[in-house]
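# Kindly generate the corresponding structure for this input.
(one chain, ligands or ions: 1)
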Amino acid sequence: MRDEILDLKDYKKIAVMGGTFDPIHYGHLVAAETVRHRLGIEKVLFVPTGRPPHKNNRNVEHDEHRYLMTVLATANNPYFNVSRIEIDRPGMTYTIDTIQSLKKICSDETEIFFITGADAINEIMTWKRVGELLRICNFVAVTRPGYDKDSLLRNMTGVENDYRINITFIEVPALAISSTDIRNRVIAEIPIKYLLPDEVEQYIIKFGLYKTAFENKPFFTFINQKLHTVLTPERFAHTQGVAYEAVNLAKVWGVSAEKAYIAGLLHDCAKDFDDKETLSLCYDYGVELDEIIKRQLYLAHSFLGAAVAEKEYLVTDSEILNAIKYHTTGRAEMSFLEKIIYIADMIEPNRPFYSGIDDIRKAAYEDIDKAVYLALKQTVDFNNGRNRIIHPLSVLAMNYYENHFIASK
Ligand code: NAP
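Here you go, the predicted model:
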């Protein structure tokens, strides 16, 4: 398909609207239109990202879908165009490469603005050749209402004052809409109408985006709808990632994919309760907490989660309930399903990168006991670093899997 970026020579002011657009929604469109109007931009070029360096593990919806949804959403605005420049460029996507390519096809006088979410700009210090980037284009950070822009500026230590003032902040109330929430709604079968253009909604339905075959069963819809109301959007997305990874692992290790899916979905069903709710529900559901858990109440969510899964989500299968119960501490001699959920939690596609994740991912599909050992070790080291007490179940599990893994060599 022809790229529309070729006709930029005549413009004095253009803006690049960079983002994943997975999917594009009215928040993005209103933001672009607001910036265009406010800064007198003649052309806004929407550039769906290719392979962002910070997200090489995420299950980003297929590039062509994101590109086509962006074309559909922008078609009726004469000031908007869409570019394939990042989708078609091989290798990692860096904004500096995009801006430099555009500079070559603009006139020398063309001023280039780069619009993106303030959350993305928060990490700008890690971007490739950030100093040069801030020199050759003007950054526009569009923010959701209530965004703490002062803290963002404080985070930008190391950037010269000259660069900092090169960032314009524009608050866009419509950005309360988010792509994460739209994807979560699709999974939970909650309407997305009026959050994005009709054409994009139809496209998502036609191609069944953001859903897997599993989610169509009424029982799974019930679970997803309930989780959507009790979990934060980020936790809901993590939950979907764990369920997805658990199903893949289940197929490799000969475990019921349905059980893996349910346990993955529900593993954190009690994690977004505050301390008071956690204690009161533990009391109501008869969940006994030992002294270590009482002192580190974040550990309670897996034990309470098993009770909530049983009482509120009507799960009766003890294998699933145990996989939920031990997904945080682990334990010696875990069942295959328990191991799968324990590992899926550590390696699901939405997990931010941490040192060692690639080894655990590889082992998960080749030698599951090795993966469990590596994951336990990672967790114990992480918690030791934070001066937390390691739960005895985790200590026993680590010793068990270390011996087991070494003995099998
Ligand atoms: P993202 O994951 O899509 O978005 C991060 C946050 O910003 C989300 O809250 C998102 O909301 C919001 N957002 C993203 N694009 C937006 C836009 N144009 N207008 C308003 N809100 C937006 O974004 P990302 O992958 O971090 O990347 C954003 C841009 O920065 C891309 O163009 C990317 O290539 C660039 N980037 C470059 C580098 C580099 O050069 N090293 C590194 C990171 C990012 P929604 O989820 O609702 O969209």
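
# Just give me the longest helix of this structure.
Looking across the chain with DSSP state H, the single longest helix is helix 233-253.

# ok, residues contacting the helix or strand following that one?
Remark: after helix 233-253, the chain's next helix or strand is helix 257-266, criterion DSSP states H and E. Residues from elsewhere that reach helix 257-266, judged by CB atoms under 8 Å, 6 or more residues apart in numbering: 214, 220, 223-224, 227, 239-240, 242-247, 249-251, 305, 308-309, 313, 315, 317, 319-320, 323-324, 327, 337, 340-341, 344. C-beta coordinates here come from the backbone N, C-alpha and C atoms, glycine included.

# and what of stretch 39-49?
Here stretch 39-49 has contacts from 4-5, 8, 11-21, 24, 28, 32, 35-36, 63, 66-67, 70, 74, 79-83, 85-87, 93, 98, 102, 113, 115, 140, 168, using CB under 8 Å, 6+ apart.

# one more time with 7 Å
Applying CB atoms under 7 Å, 6 or more residues apart in numbering, the external contacts of stretch 39-49 come out as 5, 8, 11-21, 32, 35-36, 66-67, 70, 74, 79-83, 85-87, 93, 98, 113.

# go on, stretch 132-152?
Contacts of stretch 132-152 (CB under 7 Å, 6+ apart): 31, 35, 95-96, 99, 103, 111-115, 117-118, 121-122, 127, 163, 166-173, 175-176.

# Please identify the residues of the stretch 1-150 of the chain in proximity to the ligand?
17-20, 27-28, 31, 49, 52-54, 93-95, 115-117, 119-120, 127-128, 142 (CB under 6 Å from any ligand atom).

# Let's see which of the residues you listed end up in helices.
27-28, 31, 95, 119-120.

# how much space between residue 191 and the ligand?
Look at residue 191 and the ligand: by CB to the nearest ligand atom, to the nearest Å, they are 17 Å apart.

# Doesn't that residue belong to a strand?
No. Using DSSP: H, G, I helix; E, B strand; the rest coil, the secondary structure at residue 191 is coil, not a strand.

# Now do the same for it: its pLDDT.
The confidence metric pLDDT takes the value 93 at residue 191.

# Now the residue lying closest to it once chain neighbours are set aside: which helix or strand?
Distances taken as CB to CB, 6 or more residues apart in numbering place residue 185 nearest to residue 191, at 7.1 Å, with adjacent residues excluded. Following DSSP H and E, one finds residue 185 within helix 179-188.

# cool, residue 133 as well?
helix 130-136.

# Likewise for residue 287?
For residue 287, there is no host helix or strand (DSSP H and E).

# Pull out the buried members of the residues of the stretch 1-150 of the chain next to the ligand.
By neighbour count, with 16 or more other CB atoms under 10 Å, these hold 17-20, 27-28, 31, 49, 52, 93-95, 115-117, 120, 127, 142 as buried.

# For residue 87, see how far away residue 304 is.
44 Å (CB to CB, to the nearest Å).

# out of these two, which sits in the busier spot?
Neighbour tally, residue 304 and residue 87, criterion other CB atoms under 10 Å: the higher count belongs to residue 304, 27 against 19.

# Please name the residues that touch the residue nearest to that one when sequence neighbours are not counted.
Ranked by CB to CB, 6+ apart and with sequence neighbours excluded, the top spatial neighbour of residue 304 is residue 270, at 4.2 Å. Contacts for residue 270 (CB under 7 Å, 6+ apart) come out as 301, 304-305, 308.
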